[in-house]
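**Student:** this is a predicted model, with the sequence first.
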2 protein chains.
Amino acid sequence: MDKMRLKLLYSDLKSDLEVIENELAAAVNSSSHLLNEASLHLLLAGGKRIRPVFVLLSAKFGNYSIESIKQVAVSVELIHMASLVHDDVIDDAETRRGRETVKSQWNNRVAMYTGDFLFAKAIEYITAVKNTYAHEVLSHTMVELCIGEIIQIEDKGFVDQTVRDYLRRIKRKTAILISASCELGAISSGADEKTVRRLKRFGYYVGMSFQIIDDILDFTSTEEELGKPAGGDLLQGNITLPVIYAKNDPTIHPLLQKVFDGEIEEREMQVLLDEIRQSDGIKRAKQISNMYLQKALHEVKQLPTNSAKKSLQNVALFMSKRNF
Amino acid sequence: MDKMRLKLLYSDLKSDLEVIENELAAAVNSSSHLLNEASLHLLLAGGKRIRPVFVLLSAKFGNYSIESIKQVAVSVELIHMASLVHDDVIDDAETRRGRETVKSQWNNRVAMYTGDFLFAKAIEYITAVKNTYAHEVLSHTMVELCIGEIIQIEDKGFVDQTVRDYLRRIKRKTAILISASCELGAISSGADEKTVRRLKRFGYYVGMSFQIIDDILDFTSTEEELGKPAGGDLLQGNITLPVIYAKNDPTIHPLLQKVFDGEIEEREMQVLLDEIRQSDGIKRAKQISNMYLQKALHEVKQLPTNSAKKSLQNVALFMSKRNF
């Protein structure tokens, strides 16, 4: 995603996002040198801080105070960071295998506990909000995220999965944390209940739309744009929406089977990716993403008018219309 | 530890512990088949449920109700279970290397997310207690636990560590969760502040005493008693109290260095273990453990008199006096 353009979208949040950035640095600071190094590395790698942005914008529908809302924004970003670290743990071991086993073992163990630490810190941060319901929302979100990760493993290479399986999975994997970011921002600033529920739904729709686009881009972007080879999801056995729509095509089906049997060759993989790109799977997936975007925009439209309303709309549009 | 004898110690908690056991089974139930299998396996493996016992006994100093306190007891046990799962994740990969890589990778990933899920569930359970301070205690405990794990990695093979390094490490690794179990049991049942603080300290002292004994037993027990080879801590690079006291012995020091250089042979390892067993390191470590036990008993003595007081005393004595 084009970070520069995104930042322009919420330029009025600039100084508040700097507060968040400093608070994130403070949050990962501990008495362990190793942990500080691991966390700081992660922090400096940056990220779009999309979830804090949703927290802040949602908080504008109540009594906005950066000093109190920053705790919530840091909390959701820490959860996002923790899940990224854990996603990488085992893959990392794989790529380093054979070359520097001990070091990769070491790194994996450190990475796992760094993830655990970030999760725990996230929970500690949310307790600054003296509202037990907010704690429930966050802990429930974490539970769902973890179930989502395991279901993603279960569903790997399961060719017969349905659109519904996919949607349920990305809800847990992505939508629920964005939804919680909006909800927690609203709750913590004391927005009225109707607005809280609306922002929660808005976040859910944006998250769904965003993840579907992400999964489409894994096929349609170049390796340069992605920063990793195209079709990576498929190679890892993850079946996404374009594939579910395209899988019954007579050219695609046998090649897919080869992927999951671990027998596909580089040349065949390129054929498969091209076939999927040219199939109507991409188009149909875009339609579903767009449907979620429309639902999100519909929610925004009904929110009370304030300075954040337009920004929410723009961020939603940007996230769902990006080209890479 | 002799589970039968321990159970006799708190036979009056029998039916309440059954409630906890059922609640634990319910807690790990999710919509993922794989996750259910992994969690259930862990649950059936059992455990002493020492932390729930401390929650229940501490709750007897307030308005005891199993229906409300069970949430807290389940919460702390889930955290304990999660940390056990994560402790095993990377070791597991190690032992299986070469033979069934894919399966061990798979299992590791599942184990990591199972641990994450249990952590998240623990947090979800504690939110049943409508007291934000209780949430703070638990999240802070988790943060410290994670820092402890990373510091344990940092300290591995660091021969020059001090008694203070060791004590700080086991505080985080073990004592803090037992301390939190006591504190949370007392807080959640509405015990008075003085009692809460006393139980918190009691748990800390018991935890310290218990971990030191555990580390001594790693040398003095047989493989049969431990269920794993004696001296395992040392082989993994973990330096415990007996070693810190014994390390300057002229026979022990060079052999220790060999362990950490990964150059020790089986025969030399047996010599090293025997030397440590015969050194005054064991005796001195026992003295420190006993000092913590006395402090724990001193706290108990000053608690209000009730049915749980004697049980707390007995469990503390049992945990610190066990032979394996």
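**Tutor:** Cool, got the structure.
**Student:** now the stretch 201-324 of chain A against chain B: closest residue?
**Tutor:** At 8.9 Å from chain B, A:Gly262 is the closest residue in the stretch 201-324 of chain A, using Cβ to the nearest Cβ. The way it works is simple: take the backbone N, C-alpha and C, and place the C-beta from them, glycine included.
**Student:** and that residue, how far is that from A:Ile212?
**Tutor:** From A:Gly262 across to A:Ile212, the span is 27 Å (Cβ to Cβ, to the nearest Å).
**Student:** what residues sit buried inside the helix or strand harbouring A:Asp88?
**Tutor:** Assigned by DSSP states H and E, A:Asp88 falls within helix A:66-96. By neighbour count on 16 or more other Cβ atoms under 10 Å in any protein chain shown, the buried set for helix A:66-96 is A:66, A:68-83, A:85-90, A:93.
**Student:** can you give me the helices for the stretch 101-250 of chain A?
**Tutor:** Taking DSSP state H, counting those that start in this stretch to define them, one finds helices in the stretch 101-250 of chain A at A:101-126, A:132-155, A:163-170, A:176-188, A:193-220, A:223-226, A:232-235, A:241-246.
**Student:** which neighbouring elements make contact with the third one?
**Tutor:** Same thing as helix A:163-170. helix A:132-155, helix A:193-220, helix A:241-246 (3 or more Cβ pairs under 8 Å, 6 or more residues apart in numbering or on different chains; DSSP states H and E).
**Student:** Throw those helices into a markdown table and include mean pLDDT and distance to chain B, thanks.
**Tutor:** As requested, those are exported to a markdown table (pLDDT from 0 to 100; distance: least, Cβ to the nearest Cβ, whole Å):
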| stretch | mean pLDDT | distance to chain B |
| --- | --- | --- |
| helix A:132-155 | 94 | 4 |
| helix A:193-220 | 97 | 18 |
| helix A:241-246 | 96 | 20 |
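**Student:** make TSV out of those and add mean neighbour count.
**Tutor:** As requested, the helices and strands packed on helix A:163-170 are exported to TSV (neighbours: other Cβ atoms under 10 Å in any protein chain shown):
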stretch	mean neighbour count
helix A:132-155	22
helix A:193-220	22
helix A:241-246	24
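**Student:** let me see the mean pLDDT of the helix holding A:Asp88.
**Tutor:** Across helix A:66-96, the average pLDDT comes to 82.
**Student:** helices or strands up against it?
**Tutor:** Packed next to helix A:66-96, using 3+ Cβ pairs under 8 Å, 6+ apart, are helix A:14-27, helix A:33-44, helix A:50-59, helix A:101-126, helix A:132-155, helix A:176-188, helix B:101-126.
**Student:** now do that helix against helix A:101-126, angle only.
**Tutor:** 160 degrees (axes from the mean of the first three to the mean of the last three Cα atoms, to 10 degrees).
**Student:** quick one: helix A:66-96 to chain centroid distance?
**Tutor:** 10 Å (Cα atoms, centre = their mean, to the nearest Å).
**Student:** and what of stretch A:277-290?
**Tutor:** On Cα atoms, centre = their mean, the centre of stretch A:277-290 falls 20 Å from that of its chain.
**Student:** for stretch A:259-273, same thing?
**Tutor:** The answer for stretch A:259-273 is 27 Å, by Cα atoms, centre = their mean.
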